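> Any chance you can model this:
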Amino acid sequence: MKILLTGSTGQVGHELERSLQGLGEVIAVDRGRMDLSNLDQVRDVIRSVRPQLIVNPAAYTAVDKAESEPELAHRINAEAPAAMAAEAKALGAALVHYSTDYVFDGRSPGARVETDTVGPLNVYGASKLAGEQAIAASGVPHLILRTSWVYGMRGKNFLLTMMRLAKERDELRIVDDQHGAPTWSRTIADTTALILAQARAGGQPWWERNSGLYHLASEGRTTWFGFTQAILEETGIDCRLVPITTDQYPLPAPRPQYSVLDTSRLQERFVRLPDWREALRLCVR
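This next block holds a predicted model:
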């Protein structure tokens, strides 16, 4: 199987390049070779590689900056996946795409299932939702994997930012009224690889049975404050933490207050996911 992997230098793409080895020939491309803001280039690369599977973790992920760059965010997060889906369908290929908990408004407590009503609060969430909808409408065999609060040991993410700031400052003020599940980038990659190993064994009938939307995030839930407490405990960094509200830390893009994802559907069909704290411990160590 020839696998085209986008965004290979990103935190999820980097892990996927390792996790997908053994499933086929992985052709990993970064933004230099396949810039998702250039739709002609997206189509040209796919037509040149002619993959049996496209795995697309690449995205516009600057949540606050997207508020001032809505057209660019939409092109990368919605139009580019739509183009990938159309090209994959023309080739008889399948598509794996990643989305976000930010497609929900998070105004009521409770873990979200795949069929819950969506209502993104910001440009980033709206652009990712449009990408989901375009792929689903294309008719291509696909997996859309919604995840949340992604972190890892490379790139720009909450874990690395907190580790740096905690070393530089005596005190950090952290939001304690937004709820979610921190998810290690390697958890996402390894889970994807396990699912795709089943898909390879099952062939086209597998895709006919299992194509669709799934929530892929660590088990459990916490707040950004709780996540930061755990980071400091696992790394041994000493810094005083002060819990604050969202209103005390205003940002350009509003965030959902409660965006925990219910992963029952994915776990019943494919694989168990680790608790967020267990995954953080493995990541740090």
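> most residues in a single helix of the protein, which one?
Taking DSSP state H as the criterion, the chain has its longest helix at helix 185-210.
> Neighbours of Arg50, how many?
Other residues near Arg50 come to 12 when the count uses other Cβ atoms under 10 Å. Using the backbone N, CA and C atoms, a C-beta is placed for each residue, glycine as well.
> contacting residues for the closest residue to it other than its chain neighbours?
Of all residues not flanking Arg50 in the chain, Leu91 sits nearest, at 6.1 Å (Cβ to Cβ, 6 or more residues apart in numbering). For Leu91, the residues meeting the contact criterion (Cβ atoms under 8 Å, 6 or more residues apart in numbering) are Ile46, Arg50, Pro51, Gln52.
> Touching, the last one and Glu25? I think so.
No - at 9.5 Å, Gln52 does not count as touching Glu25 under the criterion of Cβ atoms under 8 Å.
> Among the two, which residue is more densely surrounded?
A count of neighbours by other Cβ under 10 Å puts Gln52 above the other of Gln52 and Glu25, at 16 against 13.
> Tell me, what's the model's pLDDT at the more buried one?
At Gln52, the model reports a pLDDT of 96.
> Check Thr183 too.
97.
> That one and Thr246: what is the separation?
21 Å (Cβ to Cβ, to the nearest Å).
> more neighbours, the two?
Taking neighbours as other Cβ under 10 Å, Thr183 and Thr246 compare with Thr183 leading, 28 against 15.
> Would you mind measuring from that one to Thr117?
Distance, Thr183 to Thr117, by Cβ to Cβ: 23 Å.
> just Leu95 next, same as before
Taking Cβ to Cβ, one finds Leu95 at 25 Å from Thr117.
> higher neighbour count, the two?
Applying other Cβ under 10 Å to Leu95 and Thr117 shows that Leu95 carries more neighbours, namely 25 against 7.
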